[in-house]
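1. sequence and predicted model, in that order:
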Amino acid sequence: MALIKSIKGISPLFGEGCYLAENAVIVGDVQMGNDCSVWFHAVIRGDVNSIVMGNKVNVQDGAIIHCTYERAATVIGNNVSVGHRAIVHGCTLHDNVLVGMGAIIMDHAVVEENVLIAAGAVVLEKSHLESGHIYAGIPAKKVKVLSAEQFNDTVQRIANNYVMYASWFK
């Protein structure tokens, strides 16, 4: 069973159909929608501010979701994939976002819907990523339009696959 801890009397809340790996850690003010998955060694730490996640969010192995005390909550929409070892910190990710492996998203960044953030990209504090694009690099820059084919083959496919993968572990 995952490590689930209350902080200052606030416990994580989980929607229906969620999968939590045995060594995942979910702490404090975390609200998770339906059909979410939190994978091995992932940490979602709502100890200093809130973390709200929509439906069908997958937090892959070794990823970290956190926030900043009294300054930056974390809000994640629906159908979002947070790749292996990515860091999502005190920011807003709208619906249909793919955060690539090892990417970092800093406080007060806003990522609009239908965005792919490439592996290893660093989204700086207070950045605003526009809908329908791929962002890559350090710091992350808009590199091209996210085509319908790329969207379906990455953002949609990966989010759907993680719901399927989770079913194997339940």
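-> Alright, I've got the coordinates. Just so it is clear, the model here is predicted, and its values are computed rather than measured.

2. could you measure from K126 over to G90?
-> Distance of K126 to G90, computed by CB to CB, to the nearest Å: 11 Å. Placement of C-beta: from N, CA and C, glycine included.

3. between those two, which one's more packed in?
-> More neighbours surround G90 than the other of K126 and G90, with 23 against 11 (other CB atoms under 10 Å).

4. so in that sheet, which strands flank the longest strand along the chain, and in what orientation?
-> Among the segments of the chain that qualify as a strand by DSSP state E, the longest is strand 43-53. Note on strand 43-53: by DSSP bridges, its sheet partners are strand 25-32 (parallel), strand 64-66 (parallel), strand 74-76 (parallel).

5. spatially, what comes nearest to C67 if we skip its sequence neighbours?
-> In this structure, C67 finds its nearest non-sequential neighbour in N49, 3.6 Å apart by CB to CB, 6 or more residues apart in numbering.

6. all helices for the chain, in order.
-> Along the chain, counting by DSSP state H, helices occupy 148-151, 157-169.

7. redo these as a markdown table? Include mean neighbour count.
-> Formatted as a markdown table, these follow (neighbours: other CB atoms under 10 Å):
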| stretch | mean neighbour count |
| --- | --- |
| helix 148-151 | 13 |
| helix 157-169 | 15 |
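
8. just send the ones you listed back as TSV, with distance to K56 and mean pLDDT too.
-> As requested, the helices of the chain are arranged in TSV below (distance: least, CB to CB, whole Å; pLDDT from 0 to 100):
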stretch	distance to K56	mean pLDDT
helix 148-151	15	96
helix 157-169	6	97
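
9. and of those, who's closest to P12?
-> helix 157-169 (17.0 Å; CB to CB).
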